[in-house]
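Trainee: Mind folding the following:
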Amino acid sequence: MDRLVVMRTFATVARSSTFSVAALELGISPSLVSRHVADLEEQLGVRLVNRTPRSLTLTPEGIEYATFCERILQEIEDADAALTPSAQDSAEGHLSVISPKWIGLMDLGTAIGAFVEKHPRMRMRFELGGISDRPYDFLDRGFDVAFHARDPRDSRVRVRRITELPFVLAGSADYLRRRGTPREVNDLNTHELIAHTNDAAWRLGEGKDLVHYKVQNAVVTTNAYLVIEQLVESGRGIGLIPRLSARRALASGSVVEVLPQLPPQPRSLYAVHGPGGQTPERVKIFLDFMTAWFRARNST
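Mentor: Predicted coordinates for the structure are as follows:
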């Protein structure tokens, strides 16, 4: 069976977590969805999905391959969009976007400014903060697109990966002078740590060097990366913060990267939008532009 067809089916299954919901989105039968996944597992020679009568979960290999499928399918979609400039000229109307504050600092404002410059007939509403943990709440509030740093995997919305957000483990220069600079992961045990509520463990390094460091007895735990960054810069301890928002402090030397040999795993930036078989043209054009803009920025 065509590899791209089964990859698209598997990516949809991974997002929806059920064959039946994936079948509805794809417009095919659940039995055909199951067959596509089975064919893909046979081609790869590895189990991608754990099936039980009541649930469906991805294996570790399935999680990794789902990410690969999403990237490949997105690159194909982006290439197709780049070859149809006439569609780009049709961008007009109103578009409402919401984002958590800390993500809003990741050059989103600059990217949106470039978007409205390229498409002067578009009118944007861009709000920071007040975003709900419910992945579909933004639709009830009248927004077309919501940015998240986690894939909500909810069948009531559609998700597109836009870019990667790099993070850095850091402490202020003053703090590290007072307390010493960690040379290995276990040295963190003797330091004051500042943690995000959703970061029970820090994923440091990659491949064979990947380490899951469980943060225990943090001096401050918060649900805001902006607060972590402020506490790090004021010398209260070591924390995991977005590299882009901390770039000026890193460049000046007031904040110093800790354990640079084990850089934190980046987070993905996702754009979440409404369900349905046909994405509104203005939303598709916006998502195509944002994906291309961040890809160009990351390549320089």
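Trainee: neighbours around the nearest residue to Arg3 once chain neighbours are set aside, how many?
Mentor: Distance criterion CB to CB, 6 or more residues apart in numbering; nearest residue to Arg3, sequence neighbours excluded, is Gln43 at 7.1 Å. Every C-beta, even on glycine, is put in place using the N, C-alpha and C of the backbone. For Gln43, the neighbour count with other CB atoms under 10 Å is 12.
Trainee: Check Gln43 and give its pLDDT.
Mentor: Among the per-residue scores, Gln43 shows a pLDDT of 90.
Trainee: For it, which three-state class applies?
Mentor: Secondary structure for Gln43, judged by DSSP: H, G, I helix; E, B strand; the rest coil, is helix.
Trainee: what's in contact with the host helix or strand of Ala79?
Mentor: Per DSSP states H and E, Ala79 falls inside helix 60-82. Under the criterion CB atoms under 8 Å, 6 or more residues apart in numbering, residues 4, 7-8, 10-11, 14, 44, 46-49, 58, 87-88, 160-161, 284, 288, 291-292, 295 lie in contact with helix 60-82.
Trainee: Which ones among these lie within strands?
Mentor: When the contacts of helix 60-82 are checked against strands (DSSP state E), the matches are Val49, Leu58, Arg160, Arg161.
Trainee: how about a markdown table for these, with neighbour count, distance to Leu240 and pLDDT added?
Mentor: Below are the ones in strands among the contacts of helix 60-82 laid out as a markdown table (neighbours: other CB atoms under 10 Å; distance: CB to CB, whole Å; pLDDT from 0 to 100):
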| residue | neighbour count | distance to Leu240 | pLDDT |
| --- | --- | --- | --- |
| Val49 | 21 | 32 | 92 |
| Leu58 | 19 | 25 | 89 |
| Arg160 | 21 | 25 | 87 |
| Arg161 | 15 | 21 | 87 |
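Trainee: For Arg134, what is the enclosing helix or strand?
Mentor: Going by DSSP H and E, Arg134 is not in any helix or strand.
Trainee: how close does it sit to His273?
Mentor: Remark: distance between Arg134 and His273 (CB to CB, to the nearest Å) = 15 Å.
Trainee: Neighbour count: the two, which is higher?
Mentor: Neighbours per residue, other CB under 10 Å: of Arg134 and His273, the larger number sits with His273, 22 against 13.
Trainee: before we move on, the earlier item: return the subset of the contacts of helix 60-82 lying in helices.
Mentor: Applying DSSP state H to those, the entries found in helices are 4, 7-8, 10-11, 14, 44, 87-88, 284, 288, 291-292, 295.
Trainee: Select, from the ones in strands among the contacts of helix 60-82, the two members most distant in space.
Mentor: The most widely separated members of the ones in strands among the contacts of helix 60-82, counting by CB to CB, are Val49 and Arg160 (22.3 Å).
Trainee: Mind listing what's buried along the helix holding Ala79?
Mentor: Neighbour counts over helix 60-82 (16 or more other CB atoms under 10 Å) mark Gly62, Tyr65, Ala66, Cys69, Glu70, Gln74, Ala81 as buried.
Trainee: Which residue, other than its chain neighbours, is closest to Leu26?
Mentor: Per CB to CB, 6+ apart, closest to Leu26 is Thr12, 5.7 Å.
Trainee: any idea where the helices of the protein begin and end?
Mentor: 3-16, 19-26, 30-44, 60-82, 85-88, 101-104, 108-118, 137-140, 173-179, 225-233, 247-252, 281-298.
Trainee: CSV please, covering those and showing distance to His196.
Mentor: Output for the helices of the chain, formatted as CSV (distance: least, CB to CB, whole Å):
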stretch, distance to His196
helix 3-16, 24
helix 19-26, 30
helix 30-44, 34
helix 60-82, 22
helix 85-88, 38
helix 101-104, 10
helix 108-118, 19
helix 137-140, 21
helix 173-179, 18
helix 225-233, 6
helix 247-252, 18
helix 281-298, 23
